[in-house]
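Trainee: Would you be able to build a 3D model of this:
(one chain, ligands or ions: 1)
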Amino acid sequence: MLIISAEEFSLWKEKQILKGGDHQSLNLLIDLLGGLSKNEFNLLKIKSEKKLKLKINLDILESFWNKHLETCIPIQYLSGSSYWRDLKLEVSNKVLIPRTETELVIEIISERFKNKEEKITFVDLGTGSGAIGIALALAYPNWNGLATDIDKNAVEIASRNFTKNSNQSNLEFYDGNWWNALENFKGEIDLAIANPPYIPQCTYEELPLEVKNFEPKCALFGGEDGLDHIKEIIQNAPSYLKEKGLLLVENHFDQGERVKQLFLKNRFTEVNVLKDFAGIGRFTIGRYK
Ligand SMILES: C[S@@+](CC[C@H](N)C(=O)[O-])C[C@H]1O[C@@H](n2cnc3c(N)ncnc32)[C@H](O)[C@@H]1O
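Mentor: Residues are numbered from 1 along each chain as shown. Here you go, the predicted model:
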């Protein structure tokens with residue numbers, strides 16, 4: 001534990017940012033590794049006589065910052081953790097860093113399922129760090145959740161994240177290729193959500209180094225047109241969903257209309273493309289017959 005004045009800490013921050021990088025990443029590093037949020041720091045600036053507490057000393061914090069600047073490793077992987085909604089999740093380079101736009105999935109579901117007493121079975125396909133599955137299991141304690149991933153490391157991380165963030169037992173974890181992990185639940189799923197890898201080949205090649213060099217390709221790459229996994233998920237959904245069950249898929253910014261057509265081709269009804277914060281058709285939802 002390190003105790004220093006807000007003034008001394010401000011000077012240290014200024015020195016770090018002069019080396020490169022951006023304020024947002026530096027603040028995230030200080031928060032995730034130093035245990036001091038930007039808001040707490042700003043409050044201390046007003047009460048300048050107060051001292052602030054950091055979990056690690058400035059030399060160590062600086063060495064992490066230098067490593068980020070030298071290698072472009074995302075701060076979340078350096079610290080081994082990431083914020084997502086109100087969750088703090090363990091992450092490693094075996095799982096995607098959960099994205100802000102995906103947070104909207106929970107809002108979309110909350111709009112549709114206002115009655116929290118209802119008991120349903122939901123699936124988070126390709127759970128990664130567990131973000132979607134955990135948030136829904138926490139928001140709906142009566143729901144029975146199943147979270148799957150092809151990567152056993154991801155399943156382990158997601159399962160640990162659930163244990164750390166909850167004392168509930170309404171989320172189970174399975175590994176396997178999309179629906180195959182759920183052979184025992186055929187025809188029993190009320191709601192399935194997937195944020196699958198959907199980046200097309202040409203876009204994948206152009207991704208920022210921070211993403212391409214460190215985040216798992218298996219979490220990002222969706223084949224030539226980006227739709228390989230989305231097609232597989234939609235085509236096989238009818239065997240697993242209940243009659244009138246819902247499927248929600250996150251897609252790339254320009255895939256909404258094509259994903260909608262895939263839903264319709266596979267006999268889904270009430271198919272809608274929903275926009276994200278940036279006004280992009282980011283989510284496609286449909287009901288199975
Ligand atoms: C875009 S990431 C989403 C992770 C997490 N759901 C989120 O929103 O942050 C896609 C996830 O799908 C998993 N995945 C990729 N191919 C898969 C497959 N064939 N079957 C099951 N999961 C797969 C990846 O391991 C990765 O965790």
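
Trainee: Up against the ligand, what does the chain have?
Mentor: Where the chain comes near the ligand, counting by C-beta under 6 Å from any ligand atom, the residues are 95-96, 98, 102, 126-129, 131-132, 148-151, 154, 177-178, 195-197, 218-219, 229. Any C-beta I mention is one placed from the backbone N, CA and C, and that applies to glycine too.

Trainee: Show me how to select, in PyMOL, the buried members of those residues.
Mentor: With 16 or more other C-beta atoms under 10 Å as the criterion, this PyMOL line picks the buried residues out of the residues of the chain next to the ligand:
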select buried, resi 95+96+98+102+126+127+128+129+131+132+148+149+150+151+154+178+195+196+197+219+229
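
Trainee: now, which of the residues of the chain next to the ligand lie within helices?
Mentor: Judged by DSSP state H, helices contain the following of these: 131-132, 154, 218-219, 229.

Trainee: can you redo these as JSON lines with pLDDT?
Mentor: Formatted as JSON lines, these follow (pLDDT from 0 to 100):
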{"residue": "A131", "pLDDT": "98"}
{"residue": "I132", "pLDDT": "98"}
{"residue": "A154", "pLDDT": "98"}
{"residue": "C218", "pLDDT": "98"}
{"residue": "A219", "pLDDT": "98"}
{"residue": "H229", "pLDDT": "98"}
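
Trainee: ok, those residues vs the ligand, which is closest?
Mentor: Among these, A219 lies closest to the ligand (C-beta to the nearest ligand atom), at 3.7 Å.

Trainee: residues of the top strand by length along the chain that come out buried?
Mentor: Criterion DSSP state E: the longest strand present in the chain is strand 241-250. Buried residues in strand 241-250, counted by 16+ other C-beta under 10 Å: 241, 245-250.

Trainee: From the contact counts, what lies against that strand?
Mentor: Packing partners of strand 241-250 (3 or more C-beta pairs under 8 Å, 6 or more residues apart in numbering; DSSP states H and E): helix 104-112, strand 189-194, helix 228-240, strand 281-288.

Trainee: who does the helix or strand containing Q261 touch, helix- and strand-wise?
Mentor: Per DSSP states H and E, Q261 falls inside helix 256-265. If you count contacts as 3+ C-beta pairs under 8 Å, 6+ apart, helix 256-265 packs onto helix 228-240, strand 268-275, strand 281-288.
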